[in-house]
Every structure is written in C-alpha cells, then in structure tokens.
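Asks: any chance you can model this:
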Amino acid sequence: QIQLVESGGGLVQAGGSLRLSCTASGPSVVKYVLGWFRQTHGKEREVVAVINTYGDHTDADFAKGRFTISRDNVKNMVYLQMSSLKPEDTAVYYCAARAGRAPTMGWAGGEPDYWGQGTQVIVSF
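Replies: So this is what the prediction gives:
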C-alpha cells in the first residue's frame, strides 16, 4: 500500500510559477513510477508528467517547456515545477503511483495503482 500526499497548490497569477510536492510512503516506493495528473471541472483526468526511479520521464505536450517533473528517491518525493502558468492550467492536481519501470503511466503503461487526494491550483488572469 502506497500513500501519496500532495502539497503546494494555491492561487497564482497567469505567467507565474508554482511547485507541487508529493510525499510517497509505503514499501518499496522506488519500484513505482510516480507522476502527476490533473482534472478540471467537467473534464476527464489527464496525465501531466510521470517519472520512474531512474529519472526517465514522459511529459504531456502541454507540459513540455513549462512544467518539470523531478523525483527524490531518498526522500520518496516527486515534484512538479510549473512555470508560465496559464488560466487553463487551473485544475486539481493529483499525485499518482504505479508499480513498474516504464514512465508511461496514464498512457500505454496503464492506470495508476494509487492516488493522492489532490491539490487545487488556480491560475488567475
């Protein structure tokens, strides 16, 4: 059983930056791909970025060039550094985990095994 707890959400102006953090706890976290998803009201949850224990990562097209996912295997944490934020980035951001190696969770790699409770990000005009 993996527990995931997100932090770092909040209100930011368009063009600003925000860093989300997720603490993962449980056995063998290093064996899990960790990542970030987001969901806007009325829309399906979508993958933002995922990263494996080796630092290999896959990013959604909208995230490339603006968002950076990183991971600390000592602290069992995953981060999402977001910059040049846009109002359309407003969403609840979820941390997720899936056992495995390939950084494809949420895409071909299958759905997460575990989810965090989510953290709200609001980007104002």
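Asks: check contacts around Leu85.
Replies: When contacts are counted by CB atoms under 8 Å, 6 or more residues apart in numbering, Leu85 touches 12-18, 66, 121, 123. Heads up, the C-betas are built off the backbone N, CA and C, glycines and all.
Asks: need those in a markdown table with neighbour count, can you?
Replies: Listed next are these as a markdown table, based on neighbours: other CB atoms under 10 Å:
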| residue | neighbour count |
| --- | --- |
| Val12 | 17 |
| Gln13 | 11 |
| Ala14 | 14 |
| Gly15 | 10 |
| Gly16 | 13 |
| Ser17 | 11 |
| Leu18 | 21 |
| Arg66 | 15 |
| Val121 | 21 |
| Val123 | 19 |
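Asks: mind checking which of those residues are in strands?
Replies: Of those, the ones assigned to strands by DSSP state E are 12-13, 18, 121, 123.
Asks: got a pLDDT number for the residue nearest the centre of the chain?
Replies: With the centre of the chain defined as its mean C-alpha position, the nearest residue by CA atoms, centre = their mean is Trp36, 1.7 Å away. On pLDDT, Trp36 comes in at 98.
Asks: name the nearest residue to Tyr54, ignoring sequence neighbours.
Replies: Leaving out its chain neighbours, the residue that sits closest to Tyr54 by CB to CB, 6 or more residues apart in numbering is Arg101, at 7.7 Å.
Asks: which other helices and strands contact the strand or helix carrying Gln81?
Replies: Under the criterion DSSP states H and E, the helix or strand holding Gln81 is strand 77-82. Contact here means 3 or more CB pairs under 8 Å, 6 or more residues apart in numbering; DSSP states H and E; on that basis strand 77-82 packs against strand 18-25, strand 32-39, strand 46-51, strand 67-72.
Asks: buried residues in the third one?
Replies: Neighbour-count burial for strand 46-51 flags 47-51 (criterion: 16 or more other CB atoms under 10 Å).
Asks: which of the helices and strands packed on strand 77-82 sits closest to Tyr93?
Replies: Of all these, it is strand 32-39 that lies closest to Tyr93, at 4.8 Å by CB to CB.
Asks: can you list the neighbours in contact with the closest one?
Replies: With contact meaning CB under 8 Å, 6+ apart, strand 32-39 is reached by 2, 20, 22, 24, 45-53, 69, 71, 78, 80, 89, 91-106, 109, 112-113, 118, 121.
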